[in-house]
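Participant: sequence and predicted model, in that order:
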Amino acid sequence: MSRSTNGVALQAATVLQGFVFAAVALYGLHYARRRLRSRPPGPMGLPIVGNVFDLQGSREADNIVSLAKKYGDIVYLEVFGSPIVMLNGEAAMDLLDKRGSLYSDRPHFPMAADFSGMGDLTPIMRYGEKFQFGRRLMNQALSTRAVSKWERGIAEESHALLRLLYNEPAKFPAHLNKMAGSVVMMSMYGHRVVSDDDPYVKLALEFMEASTNAITGRWIIDFFPPAKYIPGLAFHEQAAKWRSRIPDWVEKAFNGFKANMHTSEDAKNSLCGSLMITPDGSPVDPETENRVKWIATSGFGAGLDVVVACLSQFIMAMALNPECQARAQKELDEVVGRDRLPTFQDRESLPYVECVFKETLRWGVPAPLSVPHRLIQDDAYNGYFLPAGTICIGNIWGILHDERMYKNPESFTPERFEGLDPKTAKKMDPTNYVYGFGRRRCPGNHFAHFAAWYSMASLLSAFIISPDVDENGNEIPIKAEFEAGAIRHTKPFRVRFTPRHSKIAELLSVA
Ligand code: HEM
């Protein structure tokens with residue numbers, strides 16, 4: 001081929017390349033515009049970091065509600081280029097519940113999962129066969145029927161809480177921690193906590209703190225993958241420390257269970273017992289055993305803190321709403337009397353206490369933004385385009401404080417659940433929403449239901465809960481304030497627990 005023919009061919013190729021490039025660019029622009037146009041509405045973000053500050057602010061209740069009010073049931077946010085949607089009202093149920101097969105993955109947390117060895121923890125586990133296998137085991141071991149085995153244990157641990165409150169009322173936050181720790185240890189491993197420095201509870205609390213810290217998404221490796229090649233960064237050292245503690249955190253309490261599994265009734269009745277003890281006494285396969293270990297650890301990690309938050313919200317609500325408290329106590333006196341403490345069998349005869357229980361969950365919302373879900377493939381909803389990988393935040397707070405469904409949502413009004421027709425009662429029931437959504441809905445919900453209801457009913461039956469007084473006898477006002485964070489813990493407040501009548505000491509055997 002001559003030099004001039006070569007030149008022409010080169011020119012033609014360059015022109016062709018130009019056309020192809022222009023076509024691709026135009027198509028890209030068109031596609032990007034279309035996606036942008038069909039993107040759900042949301043606040044404008046800053047360059048690079050996007051809506052990082054809106055999202056942090058959204059932990060505060062008012063901001064969450066105002067975002068939903070301004071932009072509607074589906075709000076678009078972006079952080080470092082990753083799409084995030086906040087789902088309110090029907091959108092949350094339509095996507096996270098009804099399209100559960102697409103919306104049940106979790107965001108990937110490299111610090112926790114890859115570097116610290118926590119990837120088998122249920123709340124952060126990616127969606128797939130391994131997760132589904134574990135969830136089946138969990139659902140089986142935490143069904144309503146399974147949970148009813150723990151009624152006696154829950155009642156005993158709640159009575160222990162009443163005794164602690166009777167003797168040292170000012171230390172109520174520590175007592176709540178102990179009670180929740182004991183109930184969860186009993187149900188997961190059949191282990192009864194007797195001392196304040198129980199070694200298994202210590203390990204579990206240590207793990208809870210480490211895992212919460214590992215999944216904040218704020219470690220450099222979580223948003224800048226090449227960081228793994230940079231030696232000396234703080235995350236390497238921290239991840240190695242956590243990884244070395246995993247065997248203690250996951251195995252110790254489990255090995256304690258194994259040592260007792262054929263001799264102790266509590267161990268046999270526990271979650272581990274129901275999954276590890278086979279009808280013919282043969283051992284389970286190693287994969288199941290490994291899953292059970294992690295499930296029990298997950299139950300502790302995910303359950304303890306929320307139960308504590310829920311009960312301290314209840315105590316705050318009672319101190320702030322003496323008339324609701326008095327009405328619930330009148331009902332308890334009529335149904336249960338003063339010669340005994342309530343039992344689970346009384347529950348159906350205590351409709352107002354049930355309303356107080358529901359209103360506590362609605363008003364307090366222990367996990368206001370649930371745990372983020374992740375969309376597995378491209379999807380469309382109400383004309384909006386949602387790309388695969390979108391992080392989906394179910395705004396439980398927004399749903400339970402939506403004035404279209406709950407009039408005066410900030411006020412604590414158990415009466416809102418009275419006299420409803422069955423359809424409205426079902427729609428308004430906070431337990432539909434407070435435990436999250438679809439295939440990731442809290443597997444501990446029946447258990448939480450039993451434990452939280454019983455603690456509330458027995459507390460109401462034993463004590464008048466009121467604001468504490470100062471040295472001059474003046475009430476110290478309580479402000480309904482909450483910590484920012486994934487779990488809505490109450491900020492410190494002071495209350496008194498006054499025994500309701502002279503028989504309480506005798507009933508608690510502390511006389
Ligand atoms: C009042 C008490 C509780 C509340 C309000 C609550 C709420 C929640 C919420 C909102 C989620 C996220 C659901 C989602 O992703 O859509 C969740 C997940 C979870 N909860 Fe609970 N929870 C409570 C008690 C418990 C208890 C007692 C246990 C253990 C026995 C437990 C174990 C778990 C686990 C393992 C997950 C992760 C599920 C998964 O990722 O598939 N929770 N919970």
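Facilitator: Structure received. Note that the structure is predicted; figures quoted are calculated from it, not measured.

Participant: residues touching residue 488, list them.
Facilitator: Going by C-beta atoms under 8 Å, 6 or more residues apart in numbering, residue 488 touches 309, 313, 364-368, 482. No exception for glycine: its C-beta is placed from N, CA and C like everyone else's.

Participant: rerun that using 10 Å as the cut-off
Facilitator: Shown in contact with residue 488 (C-beta atoms under 10 Å, 6 or more residues apart in numbering): 59, 61, 306, 309-310, 312-313, 364-369, 397, 482.

Participant: also residue 324?
Facilitator: 317-318, 352, 355-356, 359-360, 412-415, 460.

Participant: could you do residue 85 as well?
Facilitator: With C-beta under 10 Å, 6+ apart, residue 85 has these contacts: 39-40, 42, 74-78, 91-92, 95, 373, 375, 381, 384, 386, 390-395.

Participant: the helix or strand hosting it pairs with which strands, parallel or anti?
Facilitator: Take DSSP states H and E as the rule and residue 85 turns out to sit in strand 82-87. Here strand 82-87 is paired, per DSSP bridges, with strand 74-79 (antiparallel), strand 391-394 (parallel).

Participant: identify the bridge partners of residue 105.
Facilitator: When assigned by DSSP bridges, residue 105 has beta-bridge partners residue 374.

Participant: and the ligand, which of the contacts of residue 85 reach it?
Facilitator: Subset of those in contact with the ligand: residue 394, counting by C-beta under 6 Å from any ligand atom.

Participant: picking up where we left off before, and the strand holding residue 85, what's buried?
Facilitator: Buried residues in strand 82-87, counted by 16 or more other C-beta atoms under 10 Å: 83-87.

Participant: which helix or strand lies directly C-terminal to it?
Facilitator: Going down the chain from strand 82-87, the next helix or strand is helix 89-92, by DSSP H and E.

Participant: what residues does the stretch 251-400 of the chain have near the ligand?
Facilitator: Listed as neighbours of the ligand in the stretch 251-400 of the chain under the rule C-beta under 6 Å from any ligand atom: 298-299, 302-303, 306-307, 310, 366-367, 370-371, 394.

Participant: in helices, which of those residues fall?
Facilitator: Cross-referencing those against helices under DSSP state H gives 298-299, 302-303, 306-307, 310.

Participant: in TSV: these, plus neighbour count.
Facilitator: Shown next, in TSV, are these (neighbours: other C-beta atoms under 10 Å):
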residue	neighbour count
298	24
299	25
302	21
303	24
306	22
307	23
310	26
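
Participant: ok, these vs residue 492, which is closest?
Facilitator: Among those, residue 310 lies closest to residue 492 (C-beta to C-beta), at 16.9 Å.

Participant: for the closest one, which non-adjacent residue is spatially closest?
Facilitator: Distance criterion C-beta to C-beta, 6 or more residues apart in numbering; nearest residue to residue 310, sequence neighbours excluded, is residue 366 at 4.7 Å.

Participant: so that neighbour sits right up against residue 489, yeah?
Facilitator: Yes - under the criterion of C-beta atoms under 10 Å, residue 366 makes contact with residue 489 at 8.6 Å.

Participant: shared neighbours, these two?
Facilitator: With C-beta under 10 Å, 6+ apart as the test, residue 366 and residue 489 both reach 305-306, 308-309, 312-313.

Participant: of the residues you listed, which is the nearest to the ligand?
Facilitator: Nearest to the ligand among the shared contacts of residue 366 and residue 489 is residue 306, at 3.8 Å by C-beta to the nearest ligand atom.

Participant: quick one: residues contacting the closest residue to that closest one other than its chain neighbours.
Facilitator: Excluding the flanking residues, the one nearest residue 306 by C-beta to C-beta, 6+ apart is residue 366, at 4.6 Å. Going by C-beta under 10 Å, 6+ apart, residue 366 touches 305-313, 360, 396, 434-435, 448, 452, 486-489.

Participant: ditto for residue 452
Facilitator: Shown in contact with residue 452 (C-beta under 10 Å, 6+ apart): 154, 180, 183, 306-307, 310-311, 314, 357, 360-361, 366.

Participant: what does residue 352 give?
Facilitator: 324, 327-332, 335, 414-415, 417-418.

Participant: tabulate those residues (JSON lines), appending pLDDT.
Facilitator: Putting these into JSON lines (pLDDT from 0 to 100) gives the following:
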{"residue": "324", "pLDDT": "98"}
{"residue": "327", "pLDDT": "98"}
{"residue": "328", "pLDDT": "98"}
{"residue": "329", "pLDDT": "98"}
{"residue": "330", "pLDDT": "98"}
{"residue": "331", "pLDDT": "98"}
{"residue": "332", "pLDDT": "98"}
{"residue": "335", "pLDDT": "98"}
{"residue": "414", "pLDDT": "98"}
{"residue": "415", "pLDDT": "98"}
{"residue": "417", "pLDDT": "98"}
{"residue": "418", "pLDDT": "98"}
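
Participant: those residues, buried ones only, as a ChimeraX selection?
Facilitator: The buried residues among these can be selected in ChimeraX (16+ other C-beta under 10 Å) with this line:
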select :324,327,328,329,331,332,335,414,417
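
Participant: part of a helix, is residue 493?
Facilitator: No - Residue 493 is assigned coil when assessed by DSSP: H, G, I helix; E, B strand; the rest coil, not a helix.

Participant: closest point of the stretch 201-350 of the chain to the ligand, which residue?
Facilitator: The ligand sits closest to residue 303 of the stretch 201-350 of the chain, with a gap of 2.8 Å, by C-beta to the nearest ligand atom.

Participant: how about the helix or strand hosting residue 154 as PDB, C-alpha atoms only?
Facilitator: Here residue 154 sits within helix 151-167, counting by DSSP H and E. The C-alpha trace of helix 151-167 is given here as PDB (Å, rounded to 0.1, in the frame of the first residue of the first chain):
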ATOM      1  CA  GLU A 151     -41.800 -16.900  78.800                       C
ATOM      2  CA  ARG A 152     -40.600 -18.200  82.200                       C
ATOM      3  CA  GLY A 153     -37.100 -17.000  81.600                       C
ATOM      4  CA  ILE A 154     -38.300 -13.600  80.500                       C
ATOM      5  CA  ALA A 155     -40.500 -13.300  83.500                       C
ATOM      6  CA  GLU A 156     -37.700 -14.300  85.900                       C
ATOM      7  CA  GLU A 157     -35.300 -11.800  84.400                       C
ATOM      8  CA  SER A 158     -37.900  -9.100  84.400                       C
ATOM      9  CA  HIS A 159     -38.600  -9.800  88.100                       C
ATOM     10  CA  ALA A 160     -34.800  -9.600  88.700                       C
ATOM     11  CA  LEU A 161     -35.000  -6.100  87.100                       C
ATOM     12  CA  LEU A 162     -37.800  -5.000  89.400                       C
ATOM     13  CA  ARG A 163     -35.700  -6.200  92.400                       C
ATOM     14  CA  LEU A 164     -32.700  -4.100  91.200                       C
ATOM     15  CA  LEU A 165     -34.900  -1.100  90.700                       C
ATOM     16  CA  TYR A 166     -36.500  -1.500  94.100                       C
ATOM     17  CA  ASN A 167     -33.000  -1.600  95.800                       C
END
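
Participant: flag every buried residue along that helix.
Facilitator: By neighbour count, with 16+ other C-beta under 10 Å as the criterion, the buried positions of helix 151-167 are 153-155, 157-166.

Participant: fine by me, thanks again.
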